[in-house]
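the sequence isn't on hand, but the structure is:
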Ligand SMILES: NC(=O)C1=CN([C@@H]2O[C@H](COP(=O)(O)OP(=O)(O)OC[C@H]3O[C@@H](n4cnc5c(N)ncnc54)[C@H](OP(=O)(O)O)[C@@H]3O)[C@@H](O)[C@H]2O)C=CC1
Ligand SMILES: O=C(O)C1=N[C@H](C(=O)O)C[C@H](O)C1
């Protein structure tokens, strides 16, 4: 098996730390470098919690991508920086695997044309957990039969984007099969703005943020006399790592943009 050389952006974050451990412990993966907005010029192994995990730390993108020979960039940062990281990686011939959420449709289109231009794969995965991918697929199946749908996503209170990337992706998948419908009473009025949540093609998305939570989503489907609830819970960040590994392996085999791991698990 050929070794895949990987750069991780955001190594000190909750997801980044797990990803560093994954790469460190995977036989055919090699941590080539990390992109961190602090600690430029140091070695990762010198930071607390990363003992024995050797990798040069870079802050400057051009310096990192031009100095290090890498195949894949795993980005686990913020939407503000994730897009710039992915674009720059492609320019340097490095395939992005992006877990960072909060990308706009314009961002996805831009990356799609860049991947085409460069003939390089890129995977944008709003959720790496296999259970979450199945939850989205099951929700899409149910969306064919139920038009009244409320998505409730629940996350830790340090999350920057709302709604979550998973909730947006779920609503997009459902929209592919559900007739657009405005839900609730036609004359309903919010007496407190936001009470009915965000509106996506008539579906409602509610974002809960509480300390103690990790990543949870339930999709509720209502119909006269019945309720179907499809729910997934991630209790820790390790739950995402088999998906990260799969995405890194798959991105090496493709030359297009893939948005959503449901497109590679079959
Ligand atoms: N696809 C999936 O399955 C999952 C996706 N996510 C997404 O991943 C992203 C990260 O989540 P999480 O780990 O919880 O967030 P954290 O806030 O814990 O980590 C983000 C890290 O990115 C770093 N960072 C920010 N800007 C830069 C930059 N310009 N260059 C390098 N590093 C940078 C931050 O550094 P600093 O400490 O200096 O601020 C921080 O360490 C989010 O968008 C989240 O929604 C999360 C879980 C699962
Ligand atoms: O920020 C998080 O934690 C998560 N973000 C992703 C999202 O926005 O959907 C994936 C997962 O829900 C955890």
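Here it is on my side, so go on. None of these values were measured; they are calculated from a predicted model. Ligands and ions are numbered 1, 2, ... in the order given.

where do the helices of the stretch 101-250 of the chain begin and end?
105-118, 130-143, 165-175, 241-251 (DSSP state H, counting those that start in this stretch).

pull out the buried residues from the second one.
Buried residues in helix 130-143, counted by 16 or more other C-beta atoms under 10 Å: 130, 132-133, 135-137, 139-140, 142-143. C-beta: built from backbone N, CA, C; applies to glycine.

now that helix: average pLDDT?
Helix 130-143 carries an average pLDDT of 98.

check whether it contacts ligand 1.
No: judged by C-beta under 6 Å from any ligand atom, helix 130-143 and ligand 1 are separated, with a smallest distance of 7.2 Å.

that helix vs helix 241-251, what angle?
Angle of helix 130-143 versus helix 241-251, following axes from the mean of the first three to the mean of the last three C-alpha atoms, to 10 degrees, is 80 degrees.

helix 130-143 packs against which elements?
Helix 130-143 is packed against helix 165-175, strand 215-223, strand 226-234, helix 241-251, with contacts defined by 3 or more C-beta pairs under 8 Å, 6 or more residues apart in numbering; DSSP states H and E.

before we move on, the earlier item: looking at the helices of the stretch 101-250 of the chain, which is buried most?
Highest mean neighbour count among these (mean count of other C-beta atoms under 10 Å): helix 165-175, with a mean of 23.

state the mean pLDDT of that helix.
For helix 165-175, the mean confidence score works out to 98.

mind listing what's buried along the strand or helix carrying residue 19?
Assessed by DSSP states H and E, residue 19 sits inside helix 14-25. By neighbour count on 16+ other C-beta under 10 Å, the buried set for helix 14-25 is 15-24.

for residue 2, helix, strand, or coil?
Secondary structure for residue 2, judged by DSSP: H, G, I helix; E, B strand; the rest coil, is coil.

kindly list the main-chain dihedrals of it?
phi -80, psi 140 (degrees, to the nearest 10).

try residue 33
Dihedral angles for residue 33 - degrees, to the nearest 10 - are phi -170, psi 170.

count of residues packed around it?
Residue 33 has 24 neighbouring residues, counting by other C-beta atoms under 10 Å.

can you check the one 3 residues further on too?
Using other C-beta under 10 Å, the number of residues around residue 36 comes to 23.

now it: how far from ligand 2?
19 Å (C-beta to the nearest ligand atom, to the nearest Å).
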